[in-house]
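How does the following fold in three dimensions:
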Amino acid sequence: MKPSGSAIARGDAVTVTKRLCLAAIILAPPLLAGCGPRESDDDARISLAAKAMAGSELGSLKPGMWESHLTVGEIKLPSIAANRKGKIISRIEKDGAHQSCVDEAQAKVPPPSLFAGNAQDCRYSNFTIAGGEADIALSCEMASVGTVDMKLTGPIAADSYSFDADIALRLPMIGKVPVKAKLIGKYKGGCETRK
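Residues are numbered from 1 along each chain as shown. The predicted structure follows:
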């Protein structure tokens, strides 16, 4: 006996329904993952620092006044700017010397301004700490220099850091300038000790 046309239609409808249900089960999680609040790029970058600090043996820096100094070791200028080398180094070192008042929250999630004091619009692209050693990468706009990318590596403790700094400056009229420097930061006490 042959199945009637309505039985075939019912069988096809059941098959189609099963396939749609299966597709919904497979596709729902990825589609729903896009729903709800999303972390902004800035939040994601800040959370790099938060996760690194929370997951490290360091946990937190000391809140209070921090003082940082940058010393240029090597700079590669194009020939067009060679006669301005001393002036450029002086400006970089001046911009690299700063004080930062770090509050309790910032001690747990250090702001980029702790490492680049005269910077604006800084963003971490990497922030890891393991065995008392930091590996930090950030990009910033610098008030008097141009834009800068920094890779900082070296020891960090609750009251100090001493980083080898690989810096790529992009200077107006000169272009990209690679710099190797030393960035040293020290805790100086309460914020009322600011000079």
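
Spatially central, which residue of the chain would that be?
Tyr124 (1.0 Å; C-alpha atoms, centre = their mean).

What strand or helix carries that one?
strand 119-130 (DSSP states H and E).

how far away is the residue nearest to the centre of the chain from Thr147?
15 Å (C-beta to C-beta, to the nearest Å). Any C-beta I mention is one placed from the backbone N, CA and C, and that applies to glycine too.

for the protein, what's the longest strand?
strand 175-189 (DSSP state E).

Could you name the helices and strands sitting against it?
strand 64-75, helix 85-96, strand 160-171 (3 or more C-beta pairs under 8 Å, 6 or more residues apart in numbering; DSSP states H and E).

Can you list the low-confidence ranges for this structure?
Scanning the chain for pLDDT under 70 picks out the ranges 1-46, 142-145, 193-195.

on that earlier part again, neighbouring strands - and their directions - for the strand holding Tyr124?
strand 133-142 (antiparallel) (DSSP bridges).

Buried residues, the helix or strand following the strand it pairs with. List them.
Using DSSP H and E, the helix or strand that follows strand 133-142 towards the C-terminus is strand 146-157. Of the residues in strand 146-157, 146-148, 150-152, 154, 156 count as buried by neighbour count, 16 or more other C-beta atoms under 10 Å.

now for these, which pair is the farthest apart?
Based on C-beta to C-beta, the longest span within the buried residues of strand 146-157 runs between Gly146 and Ile156 and measures 27.1 Å.

Show me what counts as buried in the longest strand of the chain.
Under 16+ other C-beta under 10 Å, the buried positions of strand 175-189 are 177, 179, 181, 183-185, 187-188.

Using CSV, write out every CA atom in it.
Provided in CSV are the C-alpha atoms of strand 175-189 (Å, rounded to 0.1, in the frame of the first residue of the first chain):
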residue,chain,number,x,y,z
GLY,A,175,59.3,60.1,10.6
LYS,A,176,59.8,57.0,12.7
VAL,A,177,62.7,57.2,15.2
PRO,A,178,63.7,54.0,17.1
VAL,A,179,64.9,54.6,20.6
LYS,A,180,66.4,52.3,23.2
ALA,A,181,66.1,53.7,26.8
LYS,A,182,65.9,52.8,30.4
LEU,A,183,62.7,53.7,32.3
ILE,A,184,63.0,53.7,36.1
GLY,A,185,60.1,54.3,38.5
LYS,A,186,60.2,54.5,42.3
TYR,A,187,57.6,54.9,45.0
LYS,A,188,58.2,58.1,46.9
GLY,A,189,55.6,58.1,49.6
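
Just checking: what are the partner strands of that strand?
For strand 175-189, pairing defined by DSSP bridges yields strand 64-75 (antiparallel), strand 160-171 (antiparallel).

Report the inter-axis angle for that strand versus helix 85-96.
Angle of strand 175-189 versus helix 85-96, following axes from the mean of the first three to the mean of the last three C-alpha atoms, to 10 degrees, is 40 degrees.

quick one on the thing from earlier: export the strand holding Tyr124 as CSV, just CAs?
This file holds the C-alpha atoms of strand 119-130, laid out as CSV (Å, rounded to 0.1, in the frame of the first residue of the first chain):
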residue,chain,number,x,y,z
ALA,A,119,51.0,60.9,27.2
GLN,A,120,47.5,61.3,26.0
ASP,A,121,45.1,58.6,24.7
CYS,A,122,47.3,55.7,25.7
ARG,A,123,46.3,52.1,25.2
TYR,A,124,47.8,48.8,26.4
SER,A,125,48.2,46.1,23.7
ASN,A,126,50.0,43.8,26.1
PHE,A,127,50.4,43.7,29.9
THR,A,128,51.8,40.6,31.6
ILE,A,129,53.7,39.9,34.8
ALA,A,130,55.3,36.7,35.7
